[in-house]
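Engineer: sharing a model prediction with you, sequence too.
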Amino acid sequence: MPNYRRAQITGATWFFTVNLLERHNNNLLIEEISLLKACIKKVYRTHPFEIIAWVILPDHMHCLWKLPEGDTDYATRWRLIKSYFSKSLAPKEYRSPARIKNGERGIWQRHYWEHWIRNELDFQRHFDYIHRNPLKHGLVTRVSDWPHSTFHKYVKAGLYSESWCGDNAIDIEFGD
């Protein structure tokens, strides 16, 4: 098995994408959103981190976290979130022979995408990407219509307008 090298940057801000293993026609994260949130809160109590932005979609999620100063261990947090969630569900998913052999469930992709946020522009691009994602995937025609997002928190705070990102229509201007 490969040994993945992860950057060890204390107190850093990170962007993550975490996917279900079987993404096609899979609504598990929305169907079990209360359970997922409970698992996140459980991990947060023992391994605190700042949740800056988060969107939960039917088959994957994106988020921005800031770790406490002196802490680089986001991997443990993700392992625990995924593990608590998986252990709380009745085993009914398909499991490959390799997963059976290793005693693994077939819910999550083994790995996730992480990206260290390097500067303010990088932060803003990822922050907006998270909130625009339900629109990108065609789940809504307005970002404000997706309930499982920190977008609404930032509308209340005045950072976004309710109509930010508008409708899922392409606005093309033509010259004379």
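Structural biologist: Perfect, I can see it now. Note that the structure is predicted; figures quoted are calculated from it, not measured. Residues are numbered from 1 along each chain as shown.
Engineer: now do the contacts for Leu64.
Structural biologist: Residues counted as contacts of Leu64 (CB atoms under 8 Å, 6 or more residues apart in numbering) are 13-16, 51-54, 117, 123, 126-127, 130. (C-beta placed from N, C-alpha, C; glycine too.)
Engineer: kindly recompute the last result at 10 Å.
Structural biologist: For Leu64, the contact set (CB atoms under 10 Å, 6 or more residues apart in numbering) comprises 13-16, 50-54, 115, 117, 123, 126-127, 129-130, 150.
Engineer: three-state assignment of it?
Structural biologist: Three-state assignment for Leu64 (DSSP: H, G, I helix; E, B strand; the rest coil): strand.
Engineer: give me the longest helix you can find in the protein.
Structural biologist: Criterion DSSP state H: the longest helix present in the chain is helix 120-136.
Engineer: in helices, which of the contacts of Leu64 fall?
Structural biologist: Using DSSP H, the members of the contacts of Leu64 that fall within helices are Phe123, His126, Phe127, Tyr129, Ile130.
Engineer: mind listing what's buried in stretch 132-140?
Structural biologist: Arg132, Asn133, Pro134, Leu135, Val140 (16 or more other CB atoms under 10 Å).
Engineer: apologies, that question was intended for stretch 103-113.
Structural biologist: Arg105, Gly106, Ile107, Trp108, Tyr112.
Engineer: and if you look at stretch 21-37?
Structural biologist: Neighbour-count burial for stretch 21-37 flags Leu21, Asn26, Leu28, Leu29, Glu32, Leu36 (criterion: 16+ other CB under 10 Å).
Engineer: do I have it right that the fifth one meets Phe85?
Structural biologist: Yes. Contact status for Glu32 versus Phe85: in contact at 7.5 Å, counting by CB atoms under 10 Å.
Engineer: using CSV, list the CA coordinates for the helix or strand bottoming out on mean pLDDT in the chain.
Structural biologist: In the chain, no helix or strand scores lower on mean pLDDT, DSSP states H and E than helix 97-101, which sits at a mean of 85. Provided in CSV are the C-alpha atoms of helix 97-101 (Å, rounded to 0.1, in the frame of the first residue of the first chain):
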residue,chain,number,x,y,z
PRO,A,97,-13.3,-9.0,-1.8
ALA,A,98,-10.4,-6.7,-0.8
ARG,A,99,-12.6,-4.7,1.5
ILE,A,100,-14.0,-7.8,3.1
LYS,A,101,-10.5,-9.2,3.6
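Engineer: need the contact partners of that helix.
Structural biologist: When contacts are defined by CB under 10 Å, 6+ apart, helix 97-101 is touched by residues Leu21, Glu93, Arg95, Glu104, Arg105, Gly106, Ile107, Arg110.
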